[in-house]
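A.B. asks: here is my input; please provide its structure:
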Amino acid sequence: MALRDLVNWLFGKPPQPKKSWLYEIRAAEVLLRLPGGRPVRGVEIGCDCGYMSHALLKREDLFLIMVDAWEGGGASYADPANDYHARLTQKQQDERKSVAAQNTKYAAARRAIFHARSVLAATQIPPASLDFVFIDADHSYEGCRADIEAWWPTVVPGGLFGGHDYGSGAFPGVTRAVCEFIARTGLDLSLGCNTTWFVTKPRIA
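C.D. replies: Predicted coordinates:
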């Protein structure tokens, strides 16, 4: 840990990663699409060190569920060879979970940390109960498709559903899974900065 990060840790400020502004951009893309004037509740799947979670929680009426398996050795990945997170050891994953908790400690009353695999975590969330879902976990086709199928029912009509790495050459499986979802549902796909993607769940007529 760099000296700057150690000082931040000791005084309650989150350690800052390289290119931390990218996490701010992703969070901004979500926040700009959320309704105002009332509290909102959502989930970030694959929160890793909690940098994006920290940025999302700057909205003071936002409640966030942070979901990550934090499993070492690629145990939770459908295609571990093609995702660098899958090469992390259990010790490294434990450290990342600790950093995520520290990064969001300032809003502890408005966040819940789910240490669980994504699909299992989704079964614990009531249908149509979330204002937004942001997927950034298993980047394989199989993993992203499973996350989309598991979390889509949890979004309220009119709610926001999206994620990261659409159109990224590093993770073609994400693009394929999203494109198939769009083709199946006929929804309009909205693209944001830093390879983010979003759809709005249709309201009930």
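
A.B. asks: quick one: the helices in this structure?
C.D. replies: Secondary structure of the chain by DSSP state H: the helices cover 3-10, 20-31, 51-56, 90-103, 118-122, 141-151, 172-185.

A.B. asks: who's the residue nearest the centre of the chain bridged to?
C.D. replies: Closest to where the C-alpha atoms of the chain average out (CA atoms, centre = their mean) is residue 44, at 3.0 Å. Beta-bridge partners of residue 44, counted by DSSP bridges, are residue 66, residue 134.

A.B. asks: for it, give me its contacts.
C.D. replies: Taking CB atoms under 8 Å, 6 or more residues apart in numbering, we find residue 44 in contact with 52, 53, 56, 64, 65, 66, 67, 134, 136. Every residue, glycine included, has its C-beta placed from N, CA and C.

A.B. asks: ok, so of those, who is nearest residue 202?
C.D. replies: Distance to residue 202 across the contacts of residue 44 (CB to CB) is lowest for residue 134, with 19.0 Å.

A.B. asks: wait, doesn't that closest one sit right on residue 33?
C.D. replies: No. Applying CB atoms under 8 Å, one finds residue 134 not in contact with residue 33, separated by 10.5 Å.

A.B. asks: tell me which of these two has more neighbours.
C.D. replies: Just comparing residue 134 and residue 33: by other CB atoms under 10 Å the higher neighbour count belongs to residue 134, 28 against 16.

A.B. asks: returning to what we had before: which of the helices of the chain is buried the deepest?
C.D. replies: helix 51-56 (a mean of 25; mean count of other CB atoms under 10 Å).

A.B. asks: angle of the biggest strand by length in the chain against helix 20-31?
C.D. replies: Counting residues, the longest strand found in the chain (DSSP state E) is strand 155-164. Strand 155-164 runs at 160 degrees relative to helix 20-31, counting by axes from the mean of the first three to the mean of the last three CA atoms, to 10 degrees.

A.B. asks: show me what counts as buried in strand 155-164.
C.D. replies: Residues 155, 156, 159, 160, 161, 162, 163, 164 are the ones in strand 155-164 that count as buried (16 or more other CB atoms under 10 Å).

A.B. asks: over to stretch 39-47?
C.D. replies: In stretch 39-47, counting by 16+ other CB under 10 Å, buried: 40, 41, 42, 43, 44, 45, 46, 47.

A.B. asks: what residues are up against the closest residue to the fourth one other than its chain neighbours?
C.D. replies: What that stands for is residue 43. The shortest distance from residue 43 to any non-neighbouring residue, by CB to CB, 6 or more residues apart in numbering, is to residue 65 (4.2 Å). Taking CB under 8 Å, 6+ apart, we find residue 65 in contact with 41, 42, 43, 44, 111, 112, 114, 121, 125, 130.
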